[in-house]
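# Okay, structure incoming, though there's no sequence with it:
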């Protein structure tokens, strides 16, 4: 950034960043497009990913049970 300033990132910019992350764009591209620093963006992504990860219900436990049932049904 040429003229760095420590201003809070507004909610509109955060919403745009969230959408760009869902599109799996490069962090450098997101930082350039939104005007946030790469360092701030990386910290935001780390928090965002951890928060979304723990809020999402995980299905691997049920998949494991289903595999065991499938294996016993097929005679394995």
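Thanks, I have it. Since the structure is predicted, the reported quantities are computational estimates derived from the model, not experimental observations. Residues are numbered from 1 along each chain as shown.

# ok, how many other residues are close to residue 41?
20 (other C-beta atoms under 10 Å). Bear in mind the C-beta positions are built from the backbone N, C-alpha and C, glycine included.

# quick one, what contacts it?
17, 27, 30, 31, 34 (C-beta atoms under 8 Å, 6 or more residues apart in numbering).

# Recalculate using a threshold of 6 Å.
The neighbours of residue 41, taking C-beta atoms under 6 Å, 6 or more residues apart in numbering as the test, are 27, 31.

# you'd agree residue 20 is up against residue 30?
Yes. Applying C-beta atoms under 6 Å, one finds residue 20 in contact with residue 30, separated by 4.8 Å.

# Report the buried residues of the helix or strand harbouring residue 51.
If you go by DSSP states H and E, residue 51 is part of helix 38-55. When burial is assessed from 16 or more other C-beta atoms under 10 Å, helix 38-55 yields the following buried residues: 41, 44.

# Renumber starting at 808 from here on
Sure, I'll start counting at 808 from here, so that last one is helix 845-862.

# Give me the mean pLDDT for that helix.
Mean pLDDT, computed over helix 845-862, is 87.

# Equivalent analysis for stretch 813-821, please.
92.
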